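Q: sharing a sequence plus its predicted fold:
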Amino acid sequence: MTEPNLIDPRKLYHTEEFPKQDQDTPALQTEMKPVPDCGENSYQGTNQLENRRVLVTGGDSGIGRAAAIAYAREGADVAIQFFPGEEEDAKQVAHYIEDAGRKALLLPFDLREESAPKEIIRQTVEAFGGLDTMVLNAGQQISCQSIADIPMEQVKDTFTINIIAMFALVKEAIPHLPAGSAIINTTSVQAFNPSEHLLDYAATKASIANFTIGLAKQLAPKGIRVNGVAPGPIWTPLQLDEGQPQDSIPEFGQQALLERAGQPVELAPVYVFLASNKASYVTAQIYGVTGGEAINL
């Protein structure tokens, strides 16, 4: 009798401590040790998103990169917004998209700039002839141990990048989104169980969760589904660019129920499902990919 293909989730990917490390802004995935697994060599598509026209913000590395690669291998053309200075990572993603036989569009924009959302949507629609899927994933995360020490400029930037730009991007995109379109927002386990050193970041992620459900109610009459994904401790450049206290990097993710940090590729199937027609009766939901930590609204 053929045995089932079972894999112990505790023993997948990187299970040891991470080397102590940090990076200056912008952090690059190519310089991380070990380099995160975004499905570059493993994700296999099954044409679930054939001919879709997708925008992924923060698509050069980490979770956005994994989603972009997966979407292309599922048959979609993919535009990726990324912070200027992260071209090295972004060009790699474009290569994977084009290698899958799909169109890639690179959009180097700083989401703190008020004009960026309008231009991102304009260029995407112009390049692909339309837009029907959005993964709003870009984020800033900077650790600060005390509210007395947190610069207000940082707070403003975190809210602008993480949630205000999300409002602006959706507002610009709505005239272009047909019935059947999907919006997937990246929130976080931090929205439900905030860490004391991530006050501003966690607050924006709670806002995103709330925004996701409210927007789903507003857009349901148009036939547009809106859902969110709440990652737990995932090994991405966000953690090395002041996203975690430097001393905590070696044990990052080790306290999860599955005893390790997650890899971006482990979220890709959820993003694919939520964008696909298989999720036709799924809207106003938050999907946790946390290694075991509970999420609640």
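A: All right, it came through fine.
Q: going forward, measure contacts and count neighbours with C-alpha atoms only.
A: Will do.
Q: where in the stretch 1-150 of the chain is pLDDT low?
A: Residue ranges of the stretch 1-150 of the chain with pLDDT under 70: none are present.
Q: now the strands: where do they sit in it?
A: 53-57, 77-82, 104-108, 133-136 (DSSP state E, counting those that start in this stretch).
Q: cool, the stretch 151-297 of the chain as well?
A: In the stretch 151-297 of the chain, the strands defined using DSSP E, counting those that start in this stretch lie at 182-186, 225-231, 286-289.
Q: relative to Asn193, which of the ones you listed is closest?
A: Closest approach to Asn193 among the strands of the stretch 151-297 of the chain is made by strand 225-231 (11.3 Å; Cα to Cα).
Q: quick check: end-to-end length of stretch 230-243?
A: Using Cα to Cα, to the nearest Å, one end of stretch 230-243 lies 17 Å from the other.
Q: cool, and stretch 6-16?
A: Distance across stretch 6-16, first residue to last, is 21 Å (Cα to Cα).
Q: doesn't Pro245 make contact with Lys21?
A: Rather than Lys, residue 21 is Gln. No - taking contacts as Cα atoms under 8 Å, Gln21 lies outside contact range of Pro245: 10.5 Å.
Q: so what's the residue count around the closest residue to Thr160 other than its chain neighbours?
A: Spatial nearest neighbour of Thr160, chain neighbours left out: Arg112 (5.9 Å); criterion: Cα to Cα, 6 or more residues apart in numbering. Here the number of neighbours of Arg112 (other Cα atoms under 10 Å) works out to 18.
Q: contact partners for Arg112?
A: 157, 160-161, 165 (Cα atoms under 8 Å, 6 or more residues apart in numbering).
Q: for His95, see how far away Ala230 is.
A: Ala230 is 28 Å from His95, where distance means Cα to Cα.
Q: who's more crowded, these two?
A: Ranked by neighbour count (other Cα under 10 Å), Ala230 and His95 place Ala230 first, with 22 against 15.
Q: so which of the strands of the stretch 1-150 of the chain is nearest Gln239?
A: Set against Gln239 and scored by Cα to Cα, the strands of the stretch 1-150 of the chain come closest in strand 77-82, at 16.7 Å.
Q: what sits against Pro178?
A: Pro178 is in contact with 132, 222-224, counting by Cα under 8 Å, 6+ apart.
Q: ok, now how distant is it from Ile147?
A: Pro178 is 43 Å from Ile147, by Cα to Cα.
Q: which stretches of the stretch 151-297 of the chain form helices?
A: With helices called from DSSP state H, counting those that start in this stretch, the stretch 151-297 of the chain shows them at 152-159, 165-173, 199-219, 268-275.
Q: now for the ones you listed, which one comes closest to Ser143?
A: Of all the helices of the stretch 151-297 of the chain, helix 199-219 sits nearest to Ser143, with 8.3 Å by Cα to Cα.
Q: show me which residues of the closest one are buried.
A: Buried residues in helix 199-219, defined by neighbour count with 16 or more other Cα atoms under 10 Å: 199-213, 215-217.
Q: so which bits of stretch 188-200 are buried?
A: Neighbour counts using 16+ other Cα under 10 Å place 188-192, 194, 197-200 of stretch 188-200 among the buried residues.
Q: which of those sits closest to Val270?
A: Nearest to Val270 among these: Ser188, at 14.0 Å, using Cα to Cα.
Q: now render the helices of the stretch 151-297 of the chain as JSON lines, adding mean pLDDT.
A: Below are the helices of the stretch 151-297 of the chain laid out as JSON lines (pLDDT from 0 to 100):
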{"stretch": "helix 152-159", "mean pLDDT": "97"}
{"stretch": "helix 165-173", "mean pLDDT": "98"}
{"stretch": "helix 199-219", "mean pLDDT": "97"}
{"stretch": "helix 268-275", "mean pLDDT": "98"}
